[in-house]
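> Below are the sequence and a predicted model for it; my questions follow.
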Amino acid sequence: MSAVLSLRAVRAQVPDGSSVRVLLDDVDLDLDAGQITVVTGRSGSGKSTLLSISGLLRRPMSGEVELAGEATASASERRRTRLRGNMIGIVYQNANLIPNLTAIEQLELVDHVLGRRRGGTRERARELLAELGVAGQASSLPGQLSGGERQRVGIARALMASPSVLLADEPTAALDPDLAEQVSDLLATLTRERDLATMIVTHDSAPLTHADRHLQLSDGHLIPRDVAAVEVADQA
Ligand SMILES: Nc1ncnc2c1ncn2[C@@H]1O[C@H](COP(=O)(O)OP(=O)(O)OP(=O)(O)O)[C@@H](O)[C@H]1O
């Protein structure tokens, strides 16, 4: 089975005084359908950078990012935006909802932005909100939702385009432990049911409960860890 998303010798660095700091040192990574990869690492180790490059939000300095076999590193911005919109769902720490749109409008906007005019948008949005357990909040603005509800709406929005890849940046960090567990359970269920290639980058131990693979980003390298080895990740 070929990976849905592959990074090949991906390099990223940032300025550091008069020198540079390498965040990703020729990193290779394959994300497979139906599998959850959890990446931990110290603050500043480059986890968000890894996620941004995987989500085609940033280009690597060198190396390649293949999405369903298509090379993207040198693709036009237009093509990358299209691929991202159709194939990748992204979940953020604080959901990143638009303040003046209701929950259902957040989801409807996805179809609008992608230029999907095939109808059924409202129904699909309703179904997704129901699947995520927030059907009753469809008409609420983000400011009227709890942190857990906001995150559920954010996940529903990420699924609106029926992506193959789900990328989550600290999805449970802003939640208390019980809610963090619930959101982790939800991401795992969605990954299995929808056969998503899921990557979660996190400080938090909750997402590791369901990880198929745990990698630790350290000094630019992804080091395989035991899925139960959160203490190791935290201390390293
Ligand atoms: N455009 C940029 N210019 C300069 N430095 C940057 C830039 N983007 C990121 N950095 C630095 O690169 C490092 C890695 O950032 P990144 O956000 O990827 O780390 P992280 O592991 O996700 O951190 P955290 O867990 O704190 O969110 C940080 O030290 C950050 O300050």
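Received, thanks.

> What separation is there between the residue sitting nearest the centre point of the chain and the ligand?
With distances taken as C-alpha atoms, centre = their mean, Leu167 lies nearest the centre of the chain, 1.5 Å away. Between Leu167 and the ligand the distance is 13 Å, computed by C-beta to the nearest ligand atom, to the nearest Å. Backbone N, C-alpha and C define where each C-beta goes, glycine included.

> can you list contacts of the helix or strand encompassing that residue?
Element membership for Leu167, per DSSP states H and E: strand 165-169. Contact partners of strand 165-169, identified using C-beta atoms under 8 Å, 6 or more residues apart in numbering, comprise 4-5, 31, 47-48, 51, 54-55, 67, 87-93, 158-159, 187, 190-191, 196-202, 207.

> strands paired with that strand, and their directions?
As defined by DSSP bridges, the strand partners of strand 165-169 come to strand 88-91 (parallel), strand 197-201 (parallel).

> which one of these lies closest to the ligand?
Go through those one by one with C-beta to the nearest ligand atom and the one that ends up closest to the ligand is strand 197-201, at 6.5 Å.

> got the angle between the helix or strand that comes right after that closest one and strand 197-201?
Following the chain from strand 197-201 toward its C-terminal end, the next helix or strand by DSSP H and E is strand 213-218. Counting by axes from the mean of the first three to the mean of the last three C-alpha atoms, to 10 degrees, strand 213-218 lies at 40 degrees to strand 197-201.

> Not counting its neighbours along the chain, what's nearest Thr202?
If the residues on either side of it in the chain are set aside, Thr202 comes closest to Glu170, at 5.5 Å by C-beta to C-beta, 6 or more residues apart in numbering.

> nope, Ile104 is what I meant
What sits nearest to Ile104 in space, not counting adjacent residues and going by C-beta to C-beta, 6+ apart, is Ala138, at 4.3 Å.
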